[in-house]
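Participant: model this:
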Amino acid sequence: MTRIGANQSTANQIYWVADNVIRSDFPDVERALRDPDGLLAIGGDLSPARMLDAYRLGIFPWYSQGQPILWWSPDPRCVLEPEALRISTSLRKKLRKHPFRVTFNQAFPAVIKACGQPRRAGPDTWITPEVLRAYTALHEAGHAVSVECWKGKYLAGGLYGLAIGRVFFGESMFSRATDASKIALVHLAHELRLRGVRLLDCQVHSRHLESLGATLMPRPVFSSLLAHYCRKGTPSDWPTESTLP
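Facilitator: Here you go, the predicted model:
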């Protein structure tokens, strides 16, 4: 996926989202651009109601500091079925040693801030102060979930995303120690299986995600699954610590 440059005009191509309308103001995802892949709309806000509505439709915000809010729905979509997570032999051996204590929702602000730190390779972080506040509000409302890997009191890695019905929308992960984010994902997938979650949305394809078992799904198929599984209930009370043996 390619981000819109500061001087690139999209006014004649992209749908503008009104500030005071939610569902009726998102266009059909099939109207998303092919180049850049998935760009669907611009504007609006990051209120919890709008964010939840967007995710249920297969739309997510992704933009850089200084840009208006950009809403995306790429085709195909990168997804992972929790039971299909691929664990390498070396990672499986490491898991048996229990290198980290893994928790849920014990340090959400620290996790999202760590995910927002600039990486050595790649563009500047997309987790702006506005984005941080938006996902924190969703966490406080019980929708955004974090997974933490601890080495003593040191936060070694983790990830966060949104849980809606029986779909988990993964957002970002980070590692400060080898394999910490992978181990967080393994523990998340285990918990998702226990909770009857059917799909983990990875948004955009990468070789790293593919190596973990993620596959590409046509957007119409993804949208139909969201319409089915986002309506289904799933327990909202997450355990403090992972129950992975």
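Participant: what are the ranges of the strands in the protein?
Facilitator: Assignment of strands within the chain using DSSP state E yields the ranges 15-17, 39-43, 60-61, 70-72, 77-80, 101-104, 144-151, 154-164, 167-175, 199-203, 215-217.
Participant: Now do the third one: everything it contacts.
Facilitator: Here strand 60-61 makes contact (Cβ atoms under 8 Å, 6 or more residues apart in numbering) with L46, M51, A54, I69, L70, W71, W72, S73, V131, A134, F169, Q203. Using the backbone N, CA and C atoms, a C-beta is placed for each residue, glycine as well.
Participant: Next, format the strands of the chain as JSON lines and append mean pLDDT, mean neighbour count and distance to L188.
Facilitator: Output for the strands of the chain, formatted as JSON lines (pLDDT from 0 to 100; neighbours: other Cβ atoms under 10 Å; distance: least, Cβ to Cβ, whole Å):
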{"stretch": "strand 15-17", "mean pLDDT": "76", "mean neighbour count": "17", "distance to L188": "31"}
{"stretch": "strand 39-43", "mean pLDDT": "92", "mean neighbour count": "21", "distance to L188": "27"}
{"stretch": "strand 60-61", "mean pLDDT": "96", "mean neighbour count": "21", "distance to L188": "18"}
{"stretch": "strand 70-72", "mean pLDDT": "95", "mean neighbour count": "24", "distance to L188": "23"}
{"stretch": "strand 77-80", "mean pLDDT": "98", "mean neighbour count": "23", "distance to L188": "10"}
{"stretch": "strand 101-104", "mean pLDDT": "98", "mean neighbour count": "20", "distance to L188": "8"}
{"stretch": "strand 144-151", "mean pLDDT": "98", "mean neighbour count": "24", "distance to L188": "5"}
{"stretch": "strand 154-164", "mean pLDDT": "98", "mean neighbour count": "23", "distance to L188": "7"}
{"stretch": "strand 167-175", "mean pLDDT": "96", "mean neighbour count": "22", "distance to L188": "7"}
{"stretch": "strand 199-203", "mean pLDDT": "97", "mean neighbour count": "23", "distance to L188": "8"}
{"stretch": "strand 215-217", "mean pLDDT": "97", "mean neighbour count": "15", "distance to L188": "18"}
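Participant: I'd like the ones you listed written out as JSON lines, with distance to L185 added.
Facilitator: Listed next are the strands of the chain as JSON lines, based on distance: least, Cβ to Cβ, whole Å:
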{"stretch": "strand 15-17", "distance to L185": "32"}
{"stretch": "strand 39-43", "distance to L185": "27"}
{"stretch": "strand 60-61", "distance to L185": "19"}
{"stretch": "strand 70-72", "distance to L185": "22"}
{"stretch": "strand 77-80", "distance to L185": "9"}
{"stretch": "strand 101-104", "distance to L185": "10"}
{"stretch": "strand 144-151", "distance to L185": "8"}
{"stretch": "strand 154-164", "distance to L185": "6"}
{"stretch": "strand 167-175", "distance to L185": "7"}
{"stretch": "strand 199-203", "distance to L185": "9"}
{"stretch": "strand 215-217", "distance to L185": "15"}
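Participant: Of all the ones you listed, which one is nearest L33?
Facilitator: strand 39-43 (4.6 Å; Cβ to Cβ).
Participant: ok, that closest one: who's next to it in the sheet?
Facilitator: Sheet pairing of strand 39-43 (DSSP bridges) gives strand 15-17 (parallel), strand 70-72 (antiparallel).
Participant: now those as CSV including distance to T178?
Facilitator: Formatted as CSV, these follow (distance: least, Cβ to Cβ, whole Å):
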stretch, distance to T178
strand 15-17, 41
strand 70-72, 31
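Participant: Now do the domain split for this structure, please.
Facilitator: The record's domain parsing of the chain by automatic domain parsing lists 15-74, 78-229.
Participant: For stretch 159-177, measure first residue to last.
Facilitator: For stretch 159-177, the first-to-last residue distance is 13 Å (Cα to Cα, to the nearest Å).
Participant: residues contacting T128?
Facilitator: T128 sits next to Y63, S64, Q65 when contact means Cβ under 8 Å, 6+ apart.
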